[in-house]
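Asker: everything below, folded, please.
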Amino acid sequence: MATRKRKPARDKLQQEFVSEAEEILERMREDLSALAELSAAGREAPPELVNRLFRSAHSLKGLSGMFGFAALAELAHHLEDVLDRLRLGRATLGAGGLGLLDESVSLAAAGLEKLGRGEAAEPLADAMADLVGRIATWSEARPPDAPAAGPLALPESLLRALTEYEESRLRESLRRGRGLALIDVEFELASFEEELSELTGAIQEIGEVISTLPSPGAASDAGIRFALLAASELTAAELVARLELDPAAVRVAHEPAAAATAADLAGAEQTGAHEAPAAIPAPAADEATTLKSLSDTVRVDIKKLDELMNLVGELARERSALRALAEQLAGARETARAAAELDKIRRGLDRKVQELQAGVLDVRMVPLRQVFDKLARVARRLRLDLAKDVRLEISGADTELDKLIVEELVDPLMHLVRNAFDHAIEPAAERRSHGKPEQGSIKIEASQRGNDVVIEVSDDGRGIDVESVRAYAVERGLVAPDAELSKKDAFALLFTPGFSTRAEVTETSGRGVGLDVVRANVSALGGLVDVDSTPGAGSRVILTLPITLAIVQALLVGVAGQRFAIPLGGVRETLLVQPDELQRSAGRELLNLRGEALPVRRLAQEFALGATDRAQKQYAVVLGIGDARLALLVDRLEGQQDAVIKPVQGPVRSVRGVAGASELGDGSTVLVLDVSALVEDGTRRREAS
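Answerer: As a prediction, the model looks like this:
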C-alpha cells in the first residue's frame with residue numbers, strides 16, 4: 001500500500017518539475033531569439049539579457065539536481081559556464097557559441113518532452129554528454145585581451161568593492177571607448193527606491209550602470225546617498241544635461257574615446273599609464289537567493305481549465321432550463337408573478353455566467369509569440385544548414401489564441417517555414433540573375449478578424465510554377481494529360497498527400513510531407529488553408545482559425561426532424577429563401593446573394609437524412625471562413641445557445657462535417673457542425689464541377 005501512495009506523488013512531482021523547467025526554457029528561448037537578432041545586426045547584447053540567460057541556466061541546474069535528473073543538471077551546469085564566461089567578458093559569442101546555446105536549450109526541451117510523456121530521458125544522455133564535451137572545447141578558446149586603459153579617477157575603495165562581473169563590465173566599457181562617470185546623488189528615504197529606479201532607467205537609455213553603491217558622503221537625516229558608476233559615450237556636460245543633474249554631482253572618471261583629444265592620448269602614451277583597474281578578488285560565494293516567489297502568476301493544468309469550462313457549460317445549460325421554466329410559468333395567471341421573479345433571477349444569473357465564461361476563456365488565451373519564437377530558432381538553424389541568407393520578419397506575435405489551438409499550430413507553421421526556406425527561396429546567384437536582393441525574405445503576420453485569427457506566411461521566392469505542378473499531377477495520374485488546369489486547381493493539388501515537385505529528397509523537404517499535413521491539422525482545428533502565388537514574386541499561405549474551440553455560441557437549426565448546432569463564429573447571416581431564388585449551373589445549385597453566386601448545400605443531403613421538398617421555402621445559413629462562403633439550407637431556425645463542444649463517443653468518433661456534440665438546456669443532445677469542413681467541401685465541389 002505504501003508503494004502505491006508514493007508512486008502517484010512521485011509522478012506529480014515529476015510533472016511539476018517538467019512544468020517549471022518548461023517555463024525556464026521558454027524564457028531562455030525568448031532571450032536567445034533576442035540575442036540572435038542583436039548578433040545578426042552586429043549589435044552588442046544588453047548585459048541584462050546575458051545575465052537573464054545565466055540566471056535561467058542556473059535555475060535549471062538547481063531544479064534538475066533537486067529532482068535527480070543528473071544528465072540535464074550537468075548540461076545546465078556547462079551551459080551556465082558558457083553564459084558566465086560571456087557575461088564576464090572571457091569569451092565572445094559568435095555563431096559557434098550561439099549555436100551551442102540554441103542546441104542546449106533544444107536538447108533540454110527534448111528531454112523534458114520525454115519526461116512529460118512518462119518516458120525515460122536516458123536515451124538522450126549520450127547526446128547531452130557529447131554536447132557537454134563540445135561546450136567544454138569551445139570554452140577553452142579565450143578572446144584577445146582587452147586593450148589597456150588610462151588611469152581612472154576613481155576611489156580605490158570603490159574599485160575594491162566591485163564584483164568580478166562589475167569589473168568585467170568596466171573593462172568592456174573601456175575597451176569600447178566609453179566614458180566613465182561617478183554620479184553622486186541623494187534621495188529622500190520615503191521614495192528613494194522609485195527615484196533610484198527612475199535614474200537607473202534613464203542612464204540605461206544612454207549607456208550602462210556598472211555598479212550602484214552607498215555613497216560615503218554625508219546625507220541629511222531624511223535622505224540617503226548613492227554613488228552610481230555609469231558608462232556611456234556622452235561627455236560630462238552631455239550627461240548632466242540629459243539626466244538633468246547638478247554638475248557638481250557628476251565626476252568624470254574616464255573621458256569617452258570620441259571626446260579624448262590627441263594631446264590626451266599622447267600624454268597617456270608618454271607616461272605609459274595604461275593600467276586596467278586594479279584586480280578585485282571575486283566574491284567568496286554565490287549571492288544568497290530568496291525562496292519567496294516574485295511572480296504573481298500560477299501555473300494551471302489545461303485539463304483543469306477544460307473541467308472548469310465544462311462546468312461553465314453546465315451552468316449555461318441550467319440557465320436555459322430556467323428560461324424555459326419561467327416562460328412556462330408565465331403562461332398561467334396564478335404563477336405569473338412567480339415567473340416574473342424567476343425571470344429576474346435568471347437574467348442576473350445570465351450576466352454572471354457570461355462573465356464567468358469570458359473569464360475562463362481569457363485564462364485559456366495565450367499569445368502566438370511562443371510559437372513564433374520557436375519558428376525564429378528553426379529559421380536560424382535553416383540559415384546555417386542550407387547556407388541561405390533569409391530574413392524572417394514576424395508581426396502580430398501578441399495576437400492571442402486558445403492554448404490548445406496554439407499547441408497544434410507548431411507543426412503546420414514549421415512545415416510552412418521549412419518549405420519556404422528550402423523550396424521557395426532561391427540561391428543567391430539565382431536571385432541576382434532575376435534582379436532580386438541576395439537576401440530572401442519570409443514574413444509571418446498574425447491578426448484578429450472578428451471571431452477568427454488569420455496567420456499569413458509569405459515569401460519573396462520563386463513562386464509556384466503551375467506547369468510544373470501540372471506535369472507532376474499528370475505523371476501521378478491525378479489529372480488527365482489533356483485536362484486544363486487553372487491556377488486555383490494547381491494550388492489545390494499541392495495539398496494532395498505525397499505531392500511534391502522536388503526532384504531530390506533532402507533533410508528539410510522533398511518527401512511530399514508538408515502541405516497535406518498543414519491542411520489536415522488546420523482543418524482539425526476548425527480552420528481553413530488558402531494559397532496564393534505569383535511566379536517569380538513569391539507565395540502566400542493563409543491560415544484562418546477560430547479563436548477558441550472550448551465554448552461557443554451556436555445557432556440551433558432543424559432539418560428532417562433533427563436538430564444541429566452551428567457555431568456562430570462561422571455564420572455570416574441567415575435569410576429566408578424561396579424555391580425560385582435558387583439557380584442551377586452545371587448541375588450545381590447556386591444562390592445569388594447581392595450579386596455573388598454562393599454554392600448551395602442542403603443539410604439533409606449532407607447527412608443522408610432523406611429528401612427534402614424542394615417546392616417549400618427554406619432558410620439559408622450563410623457560412624464563411626476567411627473569404628470562402630457557402631449557403632447551407634435548413635428547414636427551420638431555433639434560436640441561439642451556448643455550446644460546450646465535446647468529442648463524439650462511440651464506435652464512430654470521426655465524421656466529416658461534425659465537430660462534436662453538445663447538451664442543450666432541455667437535456668437533449670445535438671451534433672455541432674464543423675463549419676470549416678462544410679465550407680471547404682462545398683467550395684471544392686464547386687471548383688471540381
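
Asker: next SSE downstream of the helix or strand bottoming out on mean pLDDT in the chain?
Answerer: The weakest-scoring helix or strand in the chain, judged by mean pLDDT, DSSP states H and E, is helix 262-271 (a mean of 39). Per DSSP states H and E, helix 262-271 leads on to helix 302-330 as the next helix or strand towards the C-terminus.

Asker: distance between that following helix and the chain's centre?
Answerer: Between the centre of helix 302-330 and the centre of its chain there are 33 Å (Cα atoms, centre = their mean, to the nearest Å).

Asker: what helices and strands are in contact with that helix?
Answerer: Helices and strands touching helix 302-330, by 3 or more Cβ pairs under 8 Å, 6 or more residues apart in numbering; DSSP states H and E, are helix 336-364, helix 403-419, strand 551-559, strand 636-644, strand 658-663. Backbone N, C-alpha and C define where each C-beta goes, glycine included.

Asker: may I see these organised as JSON lines, with mean neighbour count and mean pLDDT added?
Answerer: Below are the helices and strands packed on helix 302-330 laid out as JSON lines (neighbours: other Cβ atoms under 10 Å; pLDDT from 0 to 100):
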{"stretch": "helix 336-364", "mean neighbour count": "14", "mean pLDDT": "84"}
{"stretch": "helix 403-419", "mean neighbour count": "20", "mean pLDDT": "86"}
{"stretch": "strand 551-559", "mean neighbour count": "21", "mean pLDDT": "84"}
{"stretch": "strand 636-644", "mean neighbour count": "18", "mean pLDDT": "82"}
{"stretch": "strand 658-663", "mean neighbour count": "20", "mean pLDDT": "80"}
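
Asker: in JSON lines, list the ones you listed along with distance to R377.
Answerer: Output for the helices and strands packed on helix 302-330, formatted as JSON lines (distance: least, Cβ to Cβ, whole Å):
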{"stretch": "helix 336-364", "distance to R377": "25"}
{"stretch": "helix 403-419", "distance to R377": "11"}
{"stretch": "strand 551-559", "distance to R377": "33"}
{"stretch": "strand 636-644", "distance to R377": "36"}
{"stretch": "strand 658-663", "distance to R377": "33"}
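
Asker: so for T137, which of the ones you listed sits nearest?
Answerer: helix 403-419 (29.9 Å; Cβ to Cβ).

Asker: can you tell me what sits against the closest one?
Answerer: Contacts of helix 403-419 with the rest of the structure, by Cβ atoms under 8 Å, 6 or more residues apart in numbering, involve 302, 305, 364-366, 368, 370-371, 374-375, 378-379, 382, 392, 401, 442, 444, 455, 457, 508-509, 513-515, 517-518, 521-522, 524-525, 541, 543, 545-550.

Asker: pull the distance from that helix to the chain's centre.
Answerer: 10 Å.

Asker: check stretch 598-606 too.
Answerer: Worked out by Cα atoms, centre = their mean, stretch 598-606 lies 38 Å from the chain centre.

Asker: that stretch - what's its average pLDDT?
Answerer: The pLDDT scores in stretch 598-606 average 87.

Asker: check the separation of the first and last residues in that stretch.
Answerer: 17 Å (Cα to Cα, to the nearest Å).

Asker: hmm, who's touching that stretch?
Answerer: Under Cβ under 8 Å, 6+ apart, the answer for stretch 598-606 is 557, 559-560, 564, 582, 588-592, 609-612, 620, 622, 629-635, 657, 678, 681-683, 685-686.
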